[in-house]
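>>> Quick one, structure for this:
(chains A and B)
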Amino acid sequence: MTRTDELRALAQRFVLALPDDFDEALLTGSVSRGDADELSDIEMLLVARDIPPQLSALGIEMWQEDFFEHGTVAWYTALVEGEVLEMAGWTHARVEGRLEGILGGEIIDHGRFRFAEALVHGIPLRSAGAIGRWQARLAEYPDTLVEAIVHDASEEWLEHPLGVRAHLRPGGRLALAAMLADDLQNVLRIVFALNRTWEPSWKRLPQLVAPLAVKPERLAERIDEAVAETSLRKTRELVLDTLLLAPDLPRVVLARERTARLLRELA
Amino acid sequence: MAATRSDELLALAQRVAYALPPEAIEVVLTGSVSRGVADDVSDIEMLVVTEDLLSREEAFELARRAGLEERDSWGDPSTPTRRVFGYLDTQPVETIWWSRELAEELFASGGSAEALANGVALRTSGLLARWQERLAEYPDALVAERVEKAAERWGGFAPAGLLTITRPDCTLTRMEWLVDSAQRVLAIVFALNRIHQPTAKRLAARLEPLALKPERLAERIDEALAERDPRGALRLMTELQLDTVRLAPSGPNVDRARTWLAEGLEALE
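Next up, the predicted model:
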């Protein structure tokens, strides 16, 4: 039995004991993808008919449970047989609202947008049918989203080269690292959009980008190098190669010019 | 005594301000020149407020008449903020143009607080003095609000979850986590000292005058970011986070973070 099988079985047993306040339970994360390792925990989305209940009050042992947004959103952590289960408790309305926002192009920030990837690759452990309908809505990546994401992700590359170079002052490692982390995340957002693939969390990156057809050469390796060396030049070279793969939106054209100029100045 | 770099750039900024037509109702010098700490990569940064919103072309024309050469723009052209970059006597000058209405709106939403708090009026209709008066108030409630918000993410999931980003194939996630944690540490430290948080550029100099802070704060942030061993890097940052919340006033998120970070540190040992 693999680690993935063990954790799936454990998740299934846990879901069987959940109250029927939840009519949908979805396994997400590495356990749903089938590549769980020793460090992996079990991640799930639980969707309540009404509002997410207090599980500790129903006799289910919780390590912690927190409620947000007037009790309509829950975050549950349980420790079962030495394993950690992290679960988001949402309402149907919240899932629907998030899906509409994503499909309509209003929600494109990485933090909220990646909900689509979790949902589409999740494995239902309990369902009255809604999960299947949600997954069907996400089966096709809308064309309009490609341009929306490319446009949004290119904004920071319009900055004047002098302003960018001010991040290279000695003693400013945080300013530089913050800029490079944003740059690399935006490179990935564009690459996933160009491949019309829902963007995931960036953990275990090499295996996530391996199947993508459209991407700069040696993408994962170059991200690692840029991070390890905190290198502005390597990061922006990757940015330029990514922008060259993107559609010629006005902002993309300008960002290419600016990035090429910065790279000439850095040479 | 020789004029400092800041003095030289201030004199140039004043020349730009004098040359602007009366449409410019408020001209504020910001950035390192306004703080008197300009170095050889510093440029002159100025905010110009006009009664009405200018088109990009109008802003370029006013900048030209004020003597700026080789004019160029940067940033997103689709927002109402106009940005004109140029040179005066070979020195780079960045000008940002806001209408009065936009200026009030951006100020109310908390934008540019640090730049305005340290800004120097080169021409004024009273706006800057009013903004600075408002920014000078930093009540306890604001300290608590900012500290609690910054500590919000330090808890909620099992602390052992931190170990997942020590994997060798999680380099970018780890960098993002280190940057995010450092920025939250700084948000707390600046709030505790009742100072509007500046950018992270030239951080050591910004932190130097602060009375309340963990020991060797700037150096420890650099060390955590430079550490190549994943667990080591997370440990350095978690220690710093823990030292920071120990300086903060008690509150739901701060109290939770104290326990959670201590458990996280144990998991990382």
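>>> so where do the strands sit in the chain?
You didn't pick a chain, so chain A it is. Secondary structure of chain A by DSSP state E: the strands cover A:22-28, A:42-48, A:64-68, A:73-80, A:83-91, A:123-126.
>>> Hmm, no, I was thinking of chain B.
With strands called from DSSP E, chain B shows them at B:24-30, B:44-50, B:69-72, B:82-88, B:91-99, B:120-123.
>>> now these as a markdown table including mean pLDDT and mean neighbour count?
(Each C-beta comes from the backbone N, C-alpha and C, glycine too.) Converted to a markdown table, the strands of chain B look like this (pLDDT from 0 to 100; neighbours: other Cβ atoms under 10 Å in any protein chain shown):
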| stretch | mean pLDDT | mean neighbour count |
| --- | --- | --- |
| strand B:24-30 | 96 | 23 |
| strand B:44-50 | 95 | 24 |
| strand B:69-72 | 88 | 13 |
| strand B:82-88 | 93 | 21 |
| strand B:91-99 | 94 | 21 |
| strand B:120-123 | 96 | 19 |
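>>> Any chance of the ones you listed in JSON lines with distance to chain A as columns?
What follows is the strands of chain B, written out as JSON lines (distance: least, Cβ to the nearest Cβ, whole Å):
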{"stretch": "strand B:24-30", "distance to chain A": "13"}
{"stretch": "strand B:44-50", "distance to chain A": "9"}
{"stretch": "strand B:69-72", "distance to chain A": "7"}
{"stretch": "strand B:82-88", "distance to chain A": "5"}
{"stretch": "strand B:91-99", "distance to chain A": "6"}
{"stretch": "strand B:120-123", "distance to chain A": "20"}
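>>> show me the contacts for the nearest residue to residue B:30 once chain neighbours are set aside.
On the basis of Cβ to Cβ, 6 or more residues apart in numbering or on different chains, the spatially nearest residue to residue B:30 that is not a chain neighbour turns out to be residue B:115, at 4.2 Å. Neighbouring residues of residue B:115 by Cβ atoms under 8 Å, 6 or more residues apart in numbering or on different chains: B:30-31, B:45, B:47.
>>> Just give me the neighbour total for residue 247.
Using chain A. Residues lying near residue A:247 (other Cβ atoms under 10 Å in any protein chain shown) number 12.
>>> nope, chain B please
There are 14 residues near residue B:247, going by other Cβ under 10 Å.
>>> go on, residue B:209?
8.
>>> List phi and psi for it.
When read as degrees, to the nearest 10, the backbone of residue B:209 gives phi -80, psi 0.
>>> what about residue 159, how many neighbours?
Reading this off chain A. By the measure other Cβ under 10 Å, the count of residues near residue A:159 is 20.
>>> oops, chain B please
The tally of other residues near residue B:159 (other Cβ under 10 Å) stands at 20.
>>> residues contacting it?
Taking Cβ under 8 Å, 6+ apart, we find residue B:159 in contact with B:260-261, B:263-264, B:266-267.
>>> Go again with 7 Å.
By Cβ atoms under 7 Å, 6 or more residues apart in numbering or on different chains, residue B:159 lies in contact with B:260, B:263-264, B:267.
>>> Closest one of these to residue B:143?
The shortest gap between residue B:143 and any of these belongs to residue B:260, at 21.3 Å (Cβ to Cβ).
>>> give me the number of residues near the closest one?
For residue B:260, the neighbour count with other Cβ under 10 Å is 24.
>>> for the one 5 residues further on, same thing?
Burial measure for residue B:265: 17 neighbouring residues, criterion other Cβ under 10 Å.
>>> Does it touch residue B:241 like I think?
No - in this structure residue B:265 lies outside contact range of residue B:241 using Cβ atoms under 7 Å: 9.1 Å.
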